[in-house]
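Asks: My questions are about this predicted structure, shown below with the sequence.
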Amino acid sequence: MLNFHQYYSVDVVNGPGTRCVLFVSGCVHECRGCYNKSTWRLDSGKPFTQQDEDQIIADLQNTVIPRQGLTLSGGDPLHPQNLSVIRQLLLRVKAECPGKDVWMWTGYKLDELTIEQQAVIALINVLVDGKFMQDLKDPSLIWRGSSNQVIHTLR
Ligand code: SF4
């Protein structure tokens, strides 16, 4: 079960190039100054259906508007209760959308991930990790809200 708030089929601000972007529900981090508080509850937003999953795959395969890849943000895609649906989506992206990259934003730190979370990030290319820290906020940073966050190019 996964809920989500927004899906943008064409987006140019959440990662490099032209991308599909999914903002999921559910986040435990409660960062002060969070830009997306409405996504904290797992039951906020709307259910992510098979049709939604199929649409993302079709958009990534679309050759009229080529996408560089998929971005997963939120909320937190690595919330324990989001993992199974996110993993299923990523397995399909890998199998059916060769050459597309996956970027993910999470409030967890890379070196603190559980085995289950690690199994999910094994399927992505880039992880931007860490809570948003208002005291370290820096608008000049690319892809990051605060300077504690790290862009990990995993593969
Ligand atoms: S991790 Fe992101 S969505 Fe979650 S509280 Fe922090 S800033 Fe908000």
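Replies: Alright, I've got the coordinates.
Asks: can you pull out the strands in this protein?
Replies: Counting by DSSP state E, one finds strands in the chain at the ranges 3-11, 19-24, 46-47, 69-73, 101-105, 126-129, 150-153.
Asks: now those strands as TSV including mean pLDDT?
Replies: Compiled in TSV, the strands of the chain are given as follows (pLDDT from 0 to 100):
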stretch	mean pLDDT
strand 3-11	98
strand 19-24	98
strand 46-47	98
strand 69-73	98
strand 101-105	98
strand 126-129	98
strand 150-153	98
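Asks: can you list those strands in a markdown table and add mean neighbour count and distance to the ligand?
Replies: Any C-beta I mention is one placed from the backbone N, CA and C, and that applies to glycine too. Shown next, in a markdown table, are these (neighbours: other CB atoms under 10 Å; distance: least, CB to the nearest ligand atom, whole Å):
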| stretch | mean neighbour count | distance to the ligand |
| --- | --- | --- |
| strand 3-11 | 17 | 10 |
| strand 19-24 | 25 | 9 |
| strand 46-47 | 12 | 17 |
| strand 69-73 | 25 | 8 |
| strand 101-105 | 24 | 7 |
| strand 126-129 | 22 | 10 |
| strand 150-153 | 13 | 14 |
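Asks: Which residues does stretch 3-16 contact?
Replies: Residues from elsewhere that reach stretch 3-16, judged by CB atoms under 8 Å, 6 or more residues apart in numbering: 18-26, 36, 38-39, 42-48, 52, 55-56, 59, 65, 67-69, 71, 73-75, 103, 126, 143.
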